[in-house]
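Engineer: Make a model of this:
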Amino acid sequence: MPVHTPHHAAPDGAHDRATGAVAPAEAVTPLLRGIAVLRRLTGASDGTLSLSALEKSTGLARSTVDRLTATLARMGYVRLDGRDVTLAPRLMELGNAYLAALRLPALLSARADALADELDESVSLAVGDRDGIRFIHQATRRRAMSLSFRIGDLLPAERTAPGPLFATEWTDADWLRWRERRAADPEDRTFPAVPPREHPAPDEDFVLRTARAATDDHALDDQLIEPGLVAVSVPVRDPGTGRVACVASVVSHTSRHTAPELRTALLPRLRAAVAAMEDDLRTAPPPEPGPPRAGLATWTGASKQELGREFVESLARGLTVLTAFGEGRSALTLTQVAQATGLARATARRALITLGHAGLLTPAPDHTFTLTPRVLSLGFPPLSRTSLPEIAQPHLTALTERVHESVSLAVLSESGEEIQYTARASTTRVLSARVTVGARLPARATAPGHVLLALPEARSRGYALVDEELEAGLRSLAVPVRDRTGRVAAALNVAMHAARRTAADCRTDLLPELSRTAAHIEADLSVASRFVHVPPT
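Structural biologist: Take a look at the predicted model:
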């Protein structure tokens, strides 16, 4: 049965501020409000806003903001720290669902990375999002002058190299929407990823660039975003339809290449890489969907019973609908969504209507639904730049509060002879292990070192306990933190004076707490690193 989206107003007059469209009567208002909260947090400089700032920016009552953020915290999508709300890595599972369903990052990112290595320039993949573009992969160079764009960032089409290539396929309605947006926001204030325009260019400039892109099958960005930044782009076409699946770009700055130099020096190699990408799309086997997902949202009932009014079940259910999509599940019917989530058809239908109004999914004529690039607007850009220490820090702080001992995270140095501490949380004891972030110690004399070196005893036990090898009176217990491939990425360590706990006490009292904390870090790391490189330091 198709899901129609009526256009009469919702009882509370809720609407999408991005488009001005009034929400349909069947829309789930708490879900729209929760999406608004996530978008405000995404637009914050560090993914953090106070409850008061959220109240002000969303126009919602403080009690409503409190309930929405409590629900998002229960889902693991945000952290609550006093009066502040911060995006949490698990929120990336929503963007991961879109990227997995899209399949392009999995199929093409290795080619983009290889091209970046070959050219020693940054390479990106982007998809069109209405009259803008969003990045789905970035292979950046580490330089003093480097790009700050993140996966999921939205840029205005007319200020980019990919934009004209996508615009070659725009309909009259698309061009009308673009002109309306340009008239309403001539300085691009609604695009926080780019600096505002000082001197808006005439609309005709972009129209001409689009016509040229249709003829040349490539496009240039000659300092349209900001002075010094240049890029050349080539479309990657779907082998089945011939339409633009995504756009590959080489990005540099004018101290290395002018825009014309990009065309003459780098465009041929970019075209060759794109041809290989299109071959990959042509020869890729169909995705393996695996067993049908079921019961994704059944946990929400228990949370509602436990938390009562503070848990907004309709928000949790609605966001969980997005995770029903993924590789092999790029297009789902209403029935399939209901089965995957465990929701009643009527409940799933209202969630789909709401998510469609928010621009997060779109219906197709065959009565299926697909996710849109706008799903990446829910926290993905700021979280895509997170590091392992940032992922671990809140878990370390919570562990310290439970065990009342200093805890730390360490990685192995490049030489393999030392460990380097990358995060820590200290206790308030008079006598405690004081280790500074960045400090290095001999690997073989420390518990984290035993774990990271995979010494036989630590490997067989799953932990390492070191007594007074580094310093008299210092006892240390460490467990591994593994990445999504199972490789030991870091070691989680608790250190104390030997007089406070015996070795047996460490195993019975501290080891379970340490292991649980490592599991929490691993779960966040697995989500965060699915399509993004997470730096270990």
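Engineer: quick one, what contacts the spatially most central residue of the chain?
Structural biologist: Centroid-nearest residue in the chain, with C-alpha atoms, centre = their mean: residue 380, separated by 3.0 Å. Taking C-beta atoms under 8 Å, 6 or more residues apart in numbering, we find residue 380 in contact with 42, 91, 92, 94, 95, 150, 151, 152. (Each C-beta comes from the backbone N, C-alpha and C, glycine too.)
Engineer: Flag the least confident of these.
Structural biologist: Here the lowest pLDDT out of these sits on residue 150, with 92.
Engineer: quick one, phi psi at the closest residue to it other than its chain neighbours?
Structural biologist: Spatial nearest neighbour of residue 150, chain neighbours left out: residue 381 (4.2 Å); criterion: C-beta to C-beta, 6 or more residues apart in numbering. As for residue 381, its main-chain torsions (degrees, to the nearest 10) stand at phi -60, psi -50.
Engineer: Extract the C-alpha trace of stretch 190-201 and format it as CSV.
Structural biologist: What follows is stretch 190-201, C-alpha atoms only, in CSV (Å, rounded to 0.1, in the frame of the first residue of the first chain):
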residue,chain,number,x,y,z
THR,A,190,22.5,28.4,5.6
PHE,A,191,25.7,26.5,4.6
PRO,A,192,27.9,26.5,7.7
ALA,A,193,30.6,24.5,5.9
VAL,A,194,31.6,27.4,3.7
PRO,A,195,32.4,31.0,4.5
PRO,A,196,29.6,33.5,3.6
ARG,A,197,29.7,35.2,0.2
GLU,A,198,31.1,38.7,0.2
HIS,A,199,30.1,39.4,-3.4
PRO,A,200,27.3,37.1,-4.7
ALA,A,201,27.8,36.1,-8.3
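Engineer: how far does that stretch sit from the chain's center?
Structural biologist: Chain-centre distance of stretch 190-201: 24 Å, with C-alpha atoms, centre = their mean, to the nearest Å.
Engineer: Isn't residue 58 up against residue 69?
Structural biologist: No - with contact defined as C-beta atoms under 8 Å, residue 58 and residue 69 do not form a contacting pair (10.8 Å).
Engineer: Disregarding residues adjacent in the polypeptide, which is nearest to residue 289?
Structural biologist: Using C-beta to C-beta, 6+ apart, the nearest residue to residue 289 is residue 328, at 2.8 Å.
Engineer: Can you give me every residue that contacts the one you found?
Structural biologist: Taking C-beta under 8 Å, 6+ apart, we find residue 328 in contact with 286, 287, 288, 289, 290.
Engineer: list residues touching both of residue 58 and residue 69?
Structural biologist: Common neighbours of residue 58 and residue 69 (C-beta under 8 Å, 6+ apart) are residue 37.
Engineer: Settle it for me: which of those two has more neighbours?
Structural biologist: residue 69 (23 against 18; other C-beta atoms under 10 Å).
Engineer: Pull up the per-residue confidence for the more buried one.
Structural biologist: pLDDT at residue 69 comes out at 98.
Engineer: mind listing what it touches?
Structural biologist: 37, 51, 54, 78, 80, 85.
Engineer: Just give me the closest of those to residue 501.
Structural biologist: Residue 501 has its nearest neighbour among the contacts of residue 69 in residue 80, at 31.2 Å by C-beta to C-beta.
Engineer: burial of the closest one, as a residue count?
Structural biologist: 15.
Engineer: can you check residue 392 too?
Structural biologist: Residue 392 has 28 nearby residues by other C-beta under 10 Å.
Engineer: That one looks like it's in a strand, true?
Structural biologist: No - checked against DSSP: H, G, I helix; E, B strand; the rest coil, residue 392 lies outside a strand; its state is helix.
Engineer: Show me where the stretch 401-537 of the chain dips below the pLDDT cut-off.
Structural biologist: Along the stretch 401-537 of the chain, the model assigns pLDDT under 70 to residues 428-434, 468-473, 499.
Engineer: what are the ranges of the strands in it?
Structural biologist: 406-412, 418-425, 440-442, 464-467, 474-482, 488-497 (DSSP state E, counting those that start in this stretch).
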